[in-house]
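*Asks:* predicted model and sequence below, questions to follow.
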Amino acid sequence: MARGPEPHGGSTRDQRIALAHEWEELVGRVRRLAPRFATFLAPPRWQDLATAAGDGTGVLINVARECHALLVTSSRVTAVPLPDLSAAEVHDRTAKHLAGLHTTDAAAQLVYHTRQRAQVRKVYATYQAHHAAKVEMGKAQVELDRTLLPDLAWLWDTVAEPVLRALDRTNPASDGRHRIWWCPTGWLSFLPLHAAGHHDGSGRSVLDRTVSSYVPTLRALTRATRSPDPEPTDTDRLLVVAVQEVADMPPLPQVAEEVRLLREQVGAERLTVLEGPDATREAVLSQLATHRWAHFSCHGRQNPFDPSLGGLLLSDGTLSIGELSRGSYRGDFAFLSACMTASGVLDLSDEAITIGAALHYSGFRRVVAALWSIDAETATELTRDVFRSLMQDGLFRPQRSAAAVTGATVRLRNQSPEHPSRWAAFTHIGP
């Protein structure tokens, strides 16, 4: 069959080659403008990324046909084979895990709505429906824990234990605990690597062996550690965003208690509180620009299929991931006592599109977030423990936040090791 005329007098292949050459020339011209542009659009050198790890280790997990962990320290990059990890099993376990979370969240919503109906229409049928919803909620929670425990053991056997064994050989921890920044890829990013382990008192767990954080990328960690932490002063204030009730969502009983304990721990005179109707999107964004520290006690929402719908639920709507990402802040610490603030999206699982990562990218060095929905009592207990650990000599010191979150999570774990849904959700992002 005869071919038609080539568009614009040349083949598509030739046009692409010409455009590629033009692109290379333009990038080269930018890099020659001044020394500060010499690395414009260039991939980072591993030496530049390695400096961010300091005495710790960045652990990048590659999930592909053959899986490896790349251990990045200040002196070397080491590839650790993960022969027992497979992309297919990661996909299957993550899919079941996310299905369990969805079932549990749906059951919690049903409990809320049946309680609302029973309060309005006080008849036997509505009380019976509410009781049945609570029974189903209990079953969903039991099933979630039943699948989480073996998942955590599997994460230890296939990922964490080989990584720690390699670190013990090449970069042994001076104080018995490795400092690690996890950077998982693909569907593995939905699972709690920081809580991997056999939680049976044997010490075979990441919580017992490390102080763990996550980073969206090692470049993000480099940005967060580029300049030294400023010393806290008596004039620094903590922004507290407290929204107990929003439309179509169950009220959050812990909000008032968290505000009370923050006044007690930090001092009422050092808080800027945006509460209830005062906690609007515009007010929060404005105050974030003038505060180094922030605490959010509200609902969080993440849509695993559409990241644009994710965000923090405030009095006048959702403060979205996009709005947070567009900001430019000089924050040191943000605590998100809100659900699903560290959970990503399925179609872009390799990209860190989460509420916590958005705050980190926009300038908050350290962020505490949650992978899934958490109950009120647990959220309050973790908040109390973390802030108590970070207050020293009357000043707030978030530099210790990774160790504080690890310690608080271990204490929760030791109370009920058989219920990982209660304590394995909390994550720390940043240095």
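*Replies:* Nice, thanks for sending it over.
*Asks:* state the distance from the residue nearest to Ala369 when sequence neighbours are not counted to Gly310.
*Replies:* Closest residue to Ala369 apart from its sequence neighbours, by Cβ to Cβ, 6 or more residues apart in numbering: Gly356 at 3.2 Å. The C-beta positions use only the backbone N, C-alpha and C, and glycine is treated the same way. For Gly356, the distance to Gly310 (Cβ to Cβ, to the nearest Å) stands at 11 Å.
*Asks:* quick one: which of these two has more around it?
*Replies:* Gly356 (31 against 25; other Cβ atoms under 10 Å).
*Asks:* export the helix or strand where that one lies as CSV, just CAs?
*Replies:* According to DSSP states H and E, Gly356 maps onto helix 355-361. Output of helix 355-361 as CSV, limited to C-alpha atoms (Å, rounded to 0.1, in the frame of the first residue of the first chain):
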residue,chain,number,x,y,z
ILE,A,355,-1.6,15.2,52.7
GLY,A,356,1.5,14.6,54.9
ALA,A,357,3.8,14.7,51.9
ALA,A,358,2.1,17.9,50.6
LEU,A,359,2.9,19.7,53.8
HIS,A,360,6.5,18.3,53.8
TYR,A,361,7.0,19.4,50.2
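*Asks:* name the helices or strands packed onto it?
*Replies:* Packed against helix 355-361 by the contact rule (3 or more Cβ pairs under 8 Å, 6 or more residues apart in numbering; DSSP states H and E) you find helix 218-224, helix 321-325, strand 333-337, strand 366-370, strand 426-429.
*Asks:* run through who's touching that helix.
*Replies:* Counting contacts by Cβ atoms under 8 Å, 6 or more residues apart in numbering, the residues outside helix 355-361 that touch it are 216, 220, 224, 300, 302, 310-312, 321-322, 324-325, 331, 334, 336, 338, 340-342, 352, 366-369, 427, 429-430.
*Asks:* give me the contacts around stretch 377-386.
*Replies:* Contacts of stretch 377-386 (Cβ under 8 Å, 6+ apart): 254, 257-258, 261-262, 265, 295, 297, 335, 337, 368, 401, 404-405, 407-409, 411-412, 422-423, 426.
*Asks:* in ChimeraX, select just the buried ones from these.
*Replies:* Restricted to buried positions by 16 or more other Cβ atoms under 10 Å, the ChimeraX selection for the contacts of stretch 377-386 reads:
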select :254,257,258,261,262,265,295,297,335,337,368,401,404,405,407,408,409,412,422,423,426
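*Asks:* show me the contacts of stretch 377-386 that map onto strands.
*Replies:* Here DSSP state E is the test, and those give 295, 297, 335, 337, 368, 426 as lying in strands.
*Asks:* so which of these would you say is closest to Arg388?
*Replies:* The nearest member of the ones in strands among the contacts of stretch 377-386 to Arg388, counting by Cβ to Cβ, is Phe335 at 12.7 Å.
*Asks:* tell me the bridge partners for the closest one.
*Replies:* His295, Val368 (DSSP bridges).
*Asks:* report the contact partners of Gln109.
*Replies:* Here Gln109 is in contact with Pro250 (Cβ under 8 Å, 6+ apart).
*Asks:* the longest helix anywhere in the chain - what's its average pLDDT?
*Replies:* In the chain, taking DSSP state H as the definition, the longest helix is helix 87-120. Summarised as a single mean, pLDDT over helix 87-120 is 90.
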